[in-house]
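[1] A structural model of the following input is requested.
(chains A, B and C)
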Amino acid sequence: MPELPEVETICRGLAQRIPGRVVTGVVTRRSDLRWLIPHETLVDLLPGETIVAVNRRAKYVLLVLPVGTLIIHLGMSGLLRVVPGGEPPGRHDHLDILLDDGYCLRLTDPRRFGAVLWGGSQPLNHPLLVHLGPEPLLDSFNGSLLHALSVGRRRPVKSWIMDSRVVAGVGNIYAVESLFVANIHPGRPVHTLDWEACQRLALAIKDRLQAAIIQGGTTLRDFRQSDGRPGYFQQSLRVYGREGMPCLTCSTPIKSLRLGGRSSPFCPVCQPGP
DNA sequence: CCGGACGCCTGTCGGC
DNA sequence: TGCCGACAGGCGTCCG
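    All right, here's what the predicted structure looks like:
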């Protein structure tokens, strides 16, 4: 579910809501997510700690406390919301972090592809985070970097920009939308992209991610911001979910490929190739 | 080293 | 109405 814009939306919501709150308890109802939730560690370390900040790296939420940082990944179906402490949990509500204002930070994840990890004092050095590529919204990510990395790579460009070592946080929706904006065919081998195409691609990725963040992310079915409101970027999607429908630019029916097992819609006229 | 397939798990939807 | 397969926003691991 959540790609970078959705995770950023959640982080921004939490950042204006929970810093300054003190953790009063931790309730784990199911710990078998992608990896076991380190419940004992959380119970030992978190109660009494004041939440200092909520940050994001790639699609990871970083909950910063004086004693260390809690790392949360939402996988495919995760939600992170602040709900009243008395709200009865549903069957997919796996973790509650109780706060001193009577509310709790609740992790919901039906498919359990998400993860809760203890990051200690150097969370960016955690094995799952240490090899992540650049943040796409920073200046360190740009077309020149993409072009330098593209040398000798034969993979389809769409799979390549979804590789978190190349750029962090781009998932299926935004990969597809960015390639449409950049007028690049999703199946095009990376080494065939010239400097110009790499510039267009980097700018398109920044543009689509930024636009989605402004709209509060994409709610296809169940994504919610940390306060429960949906996102609105689904109304701005140009090719995702539009297979067979007319291209919004040229009216040609949208086609779709499967790349890496993921649907990859594109306009055969606006995105010629491979 | 590189690229692609698999598997984890639950829910939903379309076709018969 | 019920059943069954396909598919869904991610990603570490394994295999050729």
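
[2] okay, CA-based contacts and neighbour counts for the rest of this
    OK.

[3] enumerate every residue touching residue A:11.
    Contacts for residue A:11 (Cα atoms under 8 Å, 6 or more residues apart in numbering) come out as A:54-56, A:61, A:226.

[4] same check, this time on residue A:182
    Residues in contact with residue A:182 (Cα under 8 Å, 6+ apart) are A:197, A:200-201, A:204.

[5] got it, and residue A:60?
    Residues counted as contacts of residue A:60 (Cα under 8 Å, 6+ apart) are A:7, A:71-74.

[6] quick one, grab the pLDDT at it.
    pLDDT, residue A:60: 98.

[7] helix, strand or coil for residue A:105?
    At residue A:105, secondary structure determined by DSSP: H, G, I helix; E, B strand; the rest coil is strand.

[8] now residue A:41
    helix.

[9] what is the burial count for it?
    When counting by other Cα atoms under 10 Å, one arrives at 11 neighbours for residue A:41.

[10] again, but for the one 5 residues further on
    By other Cα under 10 Å, 23 other residues sit near residue A:46.

[11] correct me, but it touches residue A:38?
    No - judged on Cα atoms under 8 Å, residue A:46 makes no contact with residue A:38 at a distance of 11.7 Å.

[12] widest-spaced pair of the contacts of residue A:60?
    With Cα to Cα as the measure, no two of the contacts of residue A:60 lie farther apart than A:7 and A:71, at 12.4 Å.

[13] pull out the buried residues from the lengthiest helix in chain A.
    Criterion DSSP state H: the longest helix present in chain A is helix A:195-214. Across helix A:195-214, burial judged by 16 or more other Cα atoms under 10 Å covers A:195, A:197-206, A:208-210, A:212-213.

[14] which helices and strands does it pack with?
    helix A:4-15, helix A:143-150, helix A:172-181 (3 or more Cα pairs under 8 Å, 6 or more residues apart in numbering; DSSP states H and E).

[15] any idea how far the longest one is from the chain center?
    Think helix A:4-15. A distance of 9 Å separates the centroid of the chain from that of helix A:4-15, by Cα atoms, centre = their mean, to the nearest Å.

[16] helix A:195-214 and that helix, what's the angle between them?
    If you take axes from the mean of the first three to the mean of the last three Cα atoms, to 10 degrees, helix A:4-15 sits at 40 degrees to helix A:195-214.

[17] and the next helix or strand past helix A:4-15?
    Helices and strands here follow DSSP states H and E; after helix A:4-15, the next one along the chain is strand A:23-28.

[18] if we can go back for a sec, following the longest helix of chain A, which helix or strand comes up?
    Immediately after helix A:195-214, counting by DSSP H and E, sits strand A:255-259.

[19] before we move on, back to that, which of the buried residues of helix A:195-214 lies closest to DNA strand B?
    In terms of Cα to the nearest atom of the strand, no member of the buried residues of helix A:195-214 lies closer to DNA strand B than residue A:198, at 16.0 Å.

[20] distance of that closest one relative to DNA strand C?
    Counting by Cα to the nearest atom of the strand, to the nearest Å, the gap from residue A:198 to DNA strand C is 21 Å.

[21] repeat for residue A:66
    Residue A:66 sits 25 Å away from DNA strand C, going by Cα to the nearest atom of the strand.

[22] and residue A:39, by the same measure?
    Note on residue A:39: its distance to DNA strand C, by Cα to the nearest atom of the strand, is 20 Å.

[23] what's that residue in contact with, if anything?
    Residue A:39 neighbours (Cα under 8 Å, 6+ apart): A:28, A:31.

[24] any idea how far residue A:134 is from DNA strand C?
    Separation of residue A:134 from DNA strand C (Cα to the nearest atom of the strand) stands at 14 Å.

[25] for that residue, what are its contacts?
    Residue A:134 is in contact with A:140-141, A:165-168, counting by Cα under 8 Å, 6+ apart.

[26] same question, residue A:102
    Residue A:102 neighbours (Cα under 8 Å, 6+ apart): A:84-85.

[27] hang on, isn't residue A:76 packed against residue A:59?
    No - using Cα under 8 Å, residue A:76 is not in contact with residue A:59, being 10.8 Å away.

[28] tell me which of these two has more neighbours.
    Shown here are residue A:76 and residue A:59; by other Cα under 10 Å, residue A:59 has more neighbours (22 against 15).
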